[in-house]
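Trainee: next comes the sequence, and after it the predicted model I'd like to discuss.
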Amino acid sequence: MYRITTGGKLEQYADFSALAGGIGNDLYVSPAGDAYAGNFGFALGEEDPKPTHLVHIRADGSVPQGPGDLIFPNGCARTPHGTLLVAETFPHRISAFDMAEDGGLTNHRVWAQLDESFHPDGIALDSDGGLWFGNALTLGADSGFYRVVEGGQITDKVEITDTWAVACAFGGENLDTLYLCYNTTTLEEFHEGRSTAHVAVAQVGRTGVPASI
């Protein structure tokens, strides 16, 4: 994990290579300074999915042993009640953890089990308790950004055709604009480093949860 200093210098903040089974991906940082990083856990396109750790990085840069039974932990978000939600891409689900005062995670459970056509990637909470996610590794009619509520019901969709929906975030003065990141590629092109990235905006009738939560 790296950080950019106020002077623009890139420096290593934490080394979690001992706990990651593959490339690092999405990251969430709590108001207390605890960071939670996902990772692939395996060689995408070359190996079958296998469990890996959701890495907890303390504010001082130390890396304690974190949960080790997630498959492709990806986007993370914290609810106002102190629950950490984690997208597990290949099991097609959103998992949940209770967050302790010291940042530790307990009580791993399924928050929303999704259909096998969904591969949740980056996620964003709205103020009504819904969770928006990009449906990655997916082209055609199922491509897009979806809203799911606890239990697994899909309530909304922003259609993005023939491209991988990757990540989303609420922004704007009133947090009422959903910013969408998507990537036009295939798995083969992705391995070759070939893709075209896009950013779009959508008005979805919801507002986001403040970053200070």
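Mentor: Thanks, I have it.

Trainee: any idea how far the closest residue to Gly122 other than its chain neighbours is from Tyr28?
Mentor: Nearest non-adjacent residue to Gly122, counting by Cβ to Cβ, 6 or more residues apart in numbering: Ala167, 2.6 Å away. C-beta coordinates here come from the backbone N, C-alpha and C atoms, glycine included. For Ala167, the distance to Tyr28 (Cβ to Cβ, to the nearest Å) stands at 12 Å.

Trainee: neighbour count for these two, which is higher?
Mentor: Per other Cβ atoms under 10 Å, whichever of Ala167 and Tyr28 has more neighbours is Ala167, with 23 against 17.

Trainee: ok, then the element right after the helix or strand hosting that one?
Mentor: Take DSSP states H and E as the rule and Ala167 turns out to sit in strand 164-171. Where DSSP H and E defines the elements, the next helix or strand beyond strand 164-171 is strand 177-184.

Trainee: average pLDDT for that next one?
Mentor: Across strand 177-184, pLDDT averages out at 96.

Trainee: doesn't Asn25 make contact with Leu44?
Mentor: No. Here Leu44 does not reach Asn25: they are 10.4 Å apart, not a contact under Cβ atoms under 8 Å.

Trainee: and the two? which has more neighbours close in?
Mentor: Asn25 (20 against 17).

Trainee: show me what contacts that one?
Mentor: 37-40, 74 (Cβ atoms under 8 Å, 6 or more residues apart in numbering).

Trainee: Val63 too?
Mentor: Contacts for Val63 (Cβ under 8 Å, 6+ apart) come out as 14-16, 18-19, 55-57.

Trainee: what helix or strand does Glu188 sit in?
Mentor: Here Glu188 is assigned to helix 187-191, by DSSP H and E.

Trainee: of the contacts of Asn25, just say which sits nearest to Ile123.
Mentor: Distances from Ile123 to the contacts of Asn25, taken as Cβ to Cβ, are shortest for Asn74 (7.9 Å).

Trainee: which residues do Ala167 and Tyr28 both contact?
Mentor: Gly75.

Trainee: which residue lies nearest the spatial centre of the chain?
Mentor: Centroid-nearest residue in the chain, with Cα atoms, centre = their mean: Gly75, separated by 0.7 Å.

Trainee: what stretches of this protein score poorly on pLDDT?
Mentor: 212-213 (pLDDT under 70).

Trainee: now do 50
Mentor: Within the chain, no stretch has pLDDT under 50.

Trainee: count the residues that sit near the nearest residue to Ala197 once chain neighbours are set aside.
Mentor: Once flanking residues are discounted, Ala197 sits nearest to Asn183: 5.4 Å by Cβ to Cβ, 6+ apart. By other Cβ under 10 Å, 18 other residues sit near Asn183.

Trainee: beta partners of Asn183?
Mentor: Trp164, Ala197 (DSSP bridges).

Trainee: residues touching it, list them.
Mentor: Neighbour list for Asn183: 163-164, 166, 195-198 [criterion: Cβ under 8 Å, 6+ apart].

Trainee: for Asp126, state which of these is nearest.
Mentor: Nearest to Asp126 among these, with distances taken as Cβ to Cβ, is Val166, at 18.4 Å.
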